[in-house]
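> With the input below, show me the fold.
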Amino acid sequence: MIFETACLIGVAMLWGGTNPLLKKNSKDITKIKENSKVKQFLLEVKYLATNTKYLVPMALNQTGSVVYFLTLQNADLSLSVPVANSLTFVFTAVSGWILGEQLPKKNTMLGVILVLLGTTLCCYDNYLRSFQDKIIN
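Model prediction:
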């Protein structure tokens, strides 16, 4: 259970840490303008496929998805979904701030604290249930 929790936190770090980089390194895609929708699409794909500043964070993000998929085989869904998804928002806010985005507002910081508290409570409850099951059996 501890290994799965660590994997889920790692997934959240990979997802949340790469979200601001993906946003930052793909914003020039809006400058691509073509008359044909097909040509527009192909140029956008070419832009993303040749932009290493975009591809490296995308590869890390997708690595997080693979780890998440593998972790779901052994983890409790009632724990895995809240841990990975809620902590992703925390790591996105922190990573964005580190990369120079504006400092999160007070309400965002309060939300981050509440997410951390809620996730901790979910993990603690799961730990207690598994411990009680071991004692009963």
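
> Compute the distance from the centre of the lengthiest helix in the chain to the centre of its chain.
Counting residues, the longest helix in the chain under DSSP state H turns out to be helix 106-136. The gap between where helix 106-136 is centred and where its chain is centred comes out at 18 Å by C-alpha atoms, centre = their mean, to the nearest Å.

> just stretch 19-37 next, same as before
Relative to its chain's centre, stretch 19-37 lies at 21 Å (C-alpha atoms, centre = their mean).

> just stretch 60-68 next, same as before
Distance, stretch centre to chain centre, for stretch 60-68: 9 Å (C-alpha atoms, centre = their mean).

> What lies in contact with that stretch?
With C-beta atoms under 8 Å, 6 or more residues apart in numbering as the test, stretch 60-68 has contacts from 7-8, 10-15, 17-19, 22, 80, 84. C-beta here means a position set from N, CA and C on the backbone, and glycine is covered the same way.

> now for the longest helix of the chain, which elements pack on it?
Packing partners of helix 106-136 (3 or more C-beta pairs under 8 Å, 6 or more residues apart in numbering; DSSP states H and E): helix 77-98.

> Now do the helix it packs on: everything it contacts.
Contact partners of helix 77-98, identified using C-beta under 8 Å, 6+ apart, comprise 4-5, 8-9, 11-13, 15-21, 68, 71-72, 103-104, 108, 111-112, 115-116, 118-119, 122-123, 126.

> Could you count how many residues lie near residue 52?
9 (other C-beta atoms under 10 Å).

> next one: phi and psi at it?
With angles defined as degrees, to the nearest 10, residue 52 sits at phi -70, psi -30.

> what's the distance between it and residue 31?
Distance of residue 52 to residue 31, given as C-beta to C-beta, to the nearest Å: 18 Å.
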